[in-house]
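In: Return a 3D structure for these sequence lines:
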Amino acid sequence: MLKILQKPIILFLITNVMVFGLLYFYRQPADAYILMAGGVVILMALMAYFCLTRFNWGDEYLFIIASMLVTLGVAMLCRLNYNVGVKQIIWYALGIIMFICTCIFFRYFNFWKNLQWVYFWTSVALLILTQLVGTTVSGAKNWIIVGGFSFQPSEAVKILYALFLASHFSKQNHKKYFDIPEKWVVMLAVYVYCAFFVLQHEWGSMVLFFLTYLVTLFVHGSSWKILALNLMVVGGVGWVAATQVSHIKVRVANWLDPFADAANRGYQTTQSLFAIASGNFFGSGIGLGKPQFIPEVHSDFIFSAICEEMGILGGCAVILLFFILIYRGFKIALAARGTEKWTATIITATFGLQTFIIIGGVINLIPLTGITLPFISYGGSSLVTAFISLGILQGISCKA
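Out: Numbering: from 1, shown residues only. The predicted structure is shown next:
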């Protein structure tokens, strides 16, 4: 009995019962559909966890940590808009299916390690397609809409980018292309990714991709010259953007003093800070706050809503869950070898950097960028691709 209680799934069940139970009792009028939503989340997680443990598919903590983050996101979305919460549950179901399929694929197949430039050119094709037929949403041309169904190709590109970098950094002997060492060709390829995101006004993804590359260079132990060159480039581009690009200038100004124009340009940031401050340590209670006053609260600013209703301690719990997820990811990377080691390292670094960028933005630690909080923010593309990335880590952990 004691061994069963020590299983990570028990903590997940307790969290779900508490979160959805409190939301049911505090929501006025009480809505039994909230309990149904919580029950569906629990059932799907139990089925996936049973498969992981029954067939010994590697690390049993990764999926539980991600599912706890999904639980907090779904509960908050159901509190804000029940229909949006139901859609997120559907995406969670699809994410679990993709997670298991990806885990099986990366456990039993190895040919994916030799497709470095396939990943790059597939990414370029997706980015060109977005540039040609994409739809602009919130100032960024990063959505493709087909028959009422919308998705973000940049989320899929994020996975291809990780595999592309891993294929390069895992090589013992690098090739030359037209007498140019491969490391410079790969650096140029990274700039191509970033250039597309600049064209699409997707500055958040550009920052994420470039930081991931810099972190990978550092971990790989690359020469200080290539690191210094890239730091000079990012410094120069950042300075030009902050002084010459209008909406970046606005974001930097809001970061420096969001209260200077709190009713207009600084409205998002100030409302986020007010929500976090009003939550105090223990929060106003699930369903008792007013997070609906925060623009884009269901996606970019969902962390602020969690802090308002679950308190700063609830926000710290979210950050600690991400810390544990990143710790498990790096632990898998340390035990792996070759391309799998670098794939696990880059995917884990991406999770960590993305979390830092979005949470840092909503608490005004750094300028705000429009990317999602992994596993928590609303969005089918981001949730499904996050579970695909998690499935890659899970498959690698089977061999580690």
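In: residue ranges for the helices of the stretch 151-300 of the chain, please.
Out: Counting by DSSP state H, counting those that start in this stretch, the stretch 151-300 of the chain forms helices over residues 153-169, 182-199, 203-220, 224-244, 246-256, 267-279, given from the N-terminal end onward.
In: what's around the closest residue to G134 other than its chain neighbours, how many residues?
Out: Sequence neighbours aside, K141 is the residue nearest to G134 in space, at 4.6 Å (criterion: Cβ to Cβ, 6 or more residues apart in numbering). No exception for glycine: its C-beta is placed from N, CA and C like everyone else's. Using other Cβ atoms under 10 Å, K141 has 16 neighbouring residues.
In: neighbouring strands for whichever strand or helix holds K141, and are they parallel or not?
Out: With secondary structure defined by DSSP states H and E, K141 is part of strand 140-146. Partner strands for strand 140-146, per DSSP bridges, with pairing direction: strand 135-137 (antiparallel), strand 149-151 (antiparallel).
In: For Q116, give its distance to A344.
Out: Using Cβ to Cβ, to the nearest Å, one obtains 17 Å as the distance from Q116 to A344.
In: before we move on, the earlier item: next up, the contacts around the residue nearest to G134.
Out: When the contact criterion is Cβ atoms under 8 Å, 6 or more residues apart in numbering, the partners of K141 are T130, Q131, G134, T135, L199, Q200, H201, E202.
In: could those residues be laid out in TSV, adding distance to K171, pLDDT and neighbour count?
Out: As requested, these are arranged in TSV below (distance: Cβ to Cβ, whole Å; pLDDT from 0 to 100; neighbours: other Cβ atoms under 10 Å):
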residue	distance to K171	pLDDT	neighbour count
T130	30	89	23
Q131	31	89	14
G134	34	79	20
T135	38	82	12
L199	30	88	13
Q200	30	88	22
H201	34	84	18
E202	29	86	25
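In: any idea which helix is longest in this structure?
Out: Determined from DSSP state H, the single longest helix within the chain is helix 302-335.
In: And S381, how far from T122?
Out: 16 Å.
In: burial count for A349?
Out: By other Cβ under 10 Å, the burial measure for A349, its neighbour count, is 24.
In: Please name the nearest non-neighbouring residue to it.
Out: Spatial nearest neighbour of A349, excluding adjacent residues (Cβ to Cβ, 6+ apart): V215 at 4.9 Å.
In: Relative to I363, how far out is E309?
Out: 16 Å.
In: Residues in a beta bridge with the residue nearest to G134, which ones?
Out: Residues in a beta bridge with K141, per DSSP bridges, are T136.
In: Roughly how far does it sit from W342?
Out: Going from K141 to W342 by Cβ to Cβ gives 31 Å.
In: related to what we said a few turns ago, E309 and I363: who's more crowded?
Out: E309 (26 against 17).
In: Pop the domain breakdown of this structure in here.
Out: 2-109+251-399, 113-244 (automatic domain parsing).
In: neighbours of the closest residue to T53 other than its chain neighbours, just the number please.
Out: With Cβ to Cβ, 6+ apart as the criterion, T53 has its nearest non-adjacent residue at 6.0 Å, and that residue is E60. Applying other Cβ under 10 Å, we find 17 other residues in the vicinity of E60.
In: same thing with the one 4 residues further on?
Out: Here the count is done by other Cβ under 10 Å, and I64 has 25 residues near it.
In: and if you look at A317?
Out: 16.
In: Next one: it from G283, what distance?
Out: If you measure A317 against G283 using Cβ to Cβ, the figure is 11 Å.
In: joint contacts of these two?
Out: Jointly contacting A317 and G283 under the rule Cβ under 8 Å, 6+ apart are M310.
In: ok so, going back, more neighbours: which of S381 and T122?
Out: Between S381 and T122, counted using other Cβ under 10 Å, the more crowded position is S381 (20 against 16).
In: Dihedrals phi and psi, the spatially most distant residue from the centre of the chain?
Out: Using Cα atoms, centre = their mean, the residue of the chain lying farthest from its centre is D179. It sits 37.6 Å away. Dihedral angles of D179 (phi, psi; degrees, to the nearest 10) stand at phi 70, psi 10.
In: gap between it and G285?
Out: Distance of D179 to G285, given as Cβ to Cβ: 66 Å.
In: swap in I358?
Out: I358 sits 25 Å away from G285 when distances are taken as Cβ to Cβ.
In: next one: V70
Out: Counting by Cβ to Cβ - V70 and G285 are separated by 21 Å.
In: Looking at these two, which one has more neighbours?
Out: When V70 and G285 are compared for neighbours, V70 comes out ahead with 25 against 16, by other Cβ under 10 Å.
In: quick one: contacts for Q292?
Out: Q292 is in contact with L80, counting by Cβ under 8 Å, 6+ apart.
In: Likewise for Q116?
Out: When contacts are taken as Cβ under 8 Å, 6+ apart, Q116 is in contact with L163, F164, S167, H168.
In: switch the cut-off to 6 Å
Out: Neighbour list for Q116: F164, S167 [criterion: Cβ atoms under 6 Å, 6 or more residues apart in numbering].
In: Torsion angles phi and psi at it?
Out: phi -50, psi -50.
In: any idea how far V19 is from it?
Out: 43 Å.
In: Kindly report the same for L320.
Out: Going from L320 to V19 by Cβ to Cβ gives 16 Å.
In: what's the answer for K341, then?
Out: In this structure, K341 and V19 are separated by 36 Å, where distance is defined by Cβ to Cβ.
In: now F209
Out: Distance of F209 to V19, computed by Cβ to Cβ: 33 Å.
In: Same question for L43.
Out: With distances taken as Cβ to Cβ, L43 is found 16 Å from V19.
In: Among these two, which residue is more densely surrounded?
Out: The residue with more neighbours, out of L43 and V19 and counting by other Cβ under 10 Å, is V19; that gives 24 against 10.
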